[in-house]
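Visitor: Sequence first, then the predicted structure, then my questions.
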Amino acid sequence: MAMNSRRSSLLPAASLATVRTPHVTVLVDYRTGEMVMLTGDALTMWLAHLAGDSDPLRELTPDNVTAVTRQFVERRWLVDCARRPARTARAVEAAAVSWGTQEILAQLNPPGPSPWRWRLAGFAAVLVTLLARQLGSRRGRFSRLVYLALLGRWLPPASTRQARHAVRAVRWAARFVPARVACLEESVSAALLLAVTGRRAGWCHGIAVDPIRLHAWIADSAGHPIEEPTDTDRYTPIGPDPADRRKGGRS
């Protein structure tokens, strides 16, 4: 069963990260923040589109191919594209069994000290991040925050001290804001704060398995997490894709 011309012109969107774990394949959409686990025909078709190989589709019925393709197009996972994005599935190994020897913090520790000028600027950065999250369509919230996190991507890298001040200042400010400020909002605010100072943060978004969960954080120029617990090492950075960064990550 050969792919028709319409289907062959549809390619995976650059905003999608495909993660293959030992037990399940996960799609993360950086336009919407949606995380979906693929199985069955949907998984077979997605991997075929990602690889640009129509041979696996020969094993599926034409009706299934049509129905699943329609769903992919409606979700904007498959889009008309002039050329194939340089995107492949990312393999993530299962976490080592700890038998209870690894600890996870039940509560956040108080933020470390930071200069008052950083704290005041951090308060403003948190407010801007929360406004960006709330203003506009609900579906576009995640892409707006990714856009803010990557605003300073062309700037010189921040020093470890500057990045530490930014993260601490944001965490201090978040305690006084009556709104949800989780890892995504916190890391975006820190990246935005550094961009305002003329520096670039290493904004990371990654996945961990067993169980599958997502996390966002700030890293130094060497890729080491800033002001993060040791269990952050269990997360594998997966995105966003550089091709999508050039578009600002907007929907």
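Guide: Arrived safely. This is a predicted model, so every value here is computed, not measured.
Visitor: What is the burial count for the closest residue to residue 59 other than its chain neighbours?
Guide: Here the nearest residue to residue 59 in space, its sequence neighbours aside, is residue 44; by CB to CB, 6 or more residues apart in numbering that works out to 7.4 Å. Where you see a C-beta, it was placed from the backbone N, CA and C, and this is true even at glycine. Other residues within reach of residue 44 by the criterion other CB atoms under 10 Å amount to 18.
Visitor: can I get the CA coordinates of the lengthiest helix in the chain in CSV?
Guide: What stands out as the longest helix in the chain, according to DSSP state H, is helix 116-134. Listed next in CSV are the C-alpha coordinates belonging to helix 116-134 (Å, rounded to 0.1, in the frame of the first residue of the first chain):
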residue,chain,number,x,y,z
TRP,A,116,17.8,42.5,46.7
ARG,A,117,18.1,44.0,43.2
TRP,A,118,17.8,40.4,41.9
ARG,A,119,14.8,39.7,44.2
LEU,A,120,12.9,42.8,43.0
ALA,A,121,13.6,42.0,39.4
GLY,A,122,12.7,38.4,40.1
PHE,A,123,9.3,39.5,41.4
ALA,A,124,8.7,41.4,38.1
ALA,A,125,9.8,38.3,36.1
VAL,A,126,7.4,36.1,37.9
LEU,A,127,4.5,38.5,37.3
VAL,A,128,5.3,38.7,33.6
THR,A,129,5.5,34.9,33.3
LEU,A,130,2.1,34.5,35.0
LEU,A,131,0.5,37.2,32.8
ALA,A,132,1.8,35.4,29.7
ARG,A,133,0.4,32.2,31.0
GLN,A,134,-3.0,33.6,31.6
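Visitor: residue ranges for the strands of the stretch 51-200 of the chain, please.
Guide: When assigned using DSSP state E, counting those that start in this stretch, the strands of the stretch 51-200 of the chain occupy the ranges 78-80, 90-91.
Visitor: and the longest one, what other elements does it pack with?
Guide: What that stands for is strand 78-80. Helices and strands touching strand 78-80, by 3 or more CB pairs under 8 Å, 6 or more residues apart in numbering; DSSP states H and E, are strand 10-12, helix 62-74.
Visitor: That strand pairs with which strands?
Guide: Using DSSP bridges, the strands paired with strand 78-80 in its sheet are strand 10-12 (antiparallel).
Visitor: so how far is the strand it pairs with from its chain's centroid?
Guide: Distance, stretch centre to chain centre, for strand 10-12: 20 Å (CA atoms, centre = their mean, to the nearest Å).
Visitor: Beyond that strand, next helix or strand please.
Guide: Using DSSP states H and E, the helix or strand that directly follows strand 10-12 along the chain is strand 16-20.
Visitor: Now tabulate the strands of the stretch 51-200 of the chain in a markdown table and tack on mean pLDDT and mean neighbour count.
Guide: Converted to a markdown table, the strands of the stretch 51-200 of the chain look like this (pLDDT from 0 to 100; neighbours: other CB atoms under 10 Å):
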| stretch | mean pLDDT | mean neighbour count |
| --- | --- | --- |
| strand 78-80 | 86 | 16 |
| strand 90-91 | 86 | 14 |
